[in-house]
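[1] structural data only, the sequence is not supplied:
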């Protein structure tokens, strides 16, 4: 009985250590969202993880994700552009490690980026 309890305790400690990482690392590791600095949440319709490139970018990032999800419905490759937050965003699939992700950039050259990953 003591052996079972010791094994269970060790498993729980290992699980706690694994779960203690930051949100960016809990999805697919630190490379899940290249260049994105903040996990903003998930799009409620598609379930895609949404990342913003700046700490204050989450409101816009979630709007872009919603617009992307709506525009992607019925489109095999996803939309090339979406309108959100008063801006036009160019979206394109990028190869991640290991999974591809969608990157949307503000076409007004503001440098804002949004990453959508599964």
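    Arrived safely. What you see is a predicted model, and the numbers here were worked out from it, not measured in a lab.
[2] drop to CA atoms for contacts and neighbour counts, all remaining ones
    OK.
[3] pLDDT weak spots in the protein?
    Low-confidence segments of the chain (pLDDT under 70): 1-36.
[4] output the longest strand belonging to it.
    strand 87-94 (DSSP state E).
[5] for it, name the packing helices and strands.
    Here strand 87-94 touches strand 81-84, strand 101-106, going by 3 or more CA pairs under 8 Å, 6 or more residues apart in numbering; DSSP states H and E.
[6] strands paired with it, and their directions?
    Its sheet considered, strand 87-94 pairs with strand 81-84 (antiparallel), strand 101-106 (antiparallel) by DSSP bridges.
[7] residue 77: how many residues sit nearby?
    Counted with other CA atoms under 10 Å, residues neighbouring residue 77 total 10.
[8] quick one on the thing from earlier: please identify the deepest-packed of the strands paired with strand 87-94.
    strand 101-106 (a mean of 21; mean count of other CA atoms under 10 Å).
[9] who touches the very next helix or strand once past that strand?
    Counting by DSSP states H and E, the element after strand 101-106 in chain order, helix or strand, is strand 113-117. Residues from elsewhere that reach strand 113-117 (CA atoms under 8 Å, 6 or more residues apart in numbering): 32-33, 36, 48-53, 61, 64-65, 100-106.
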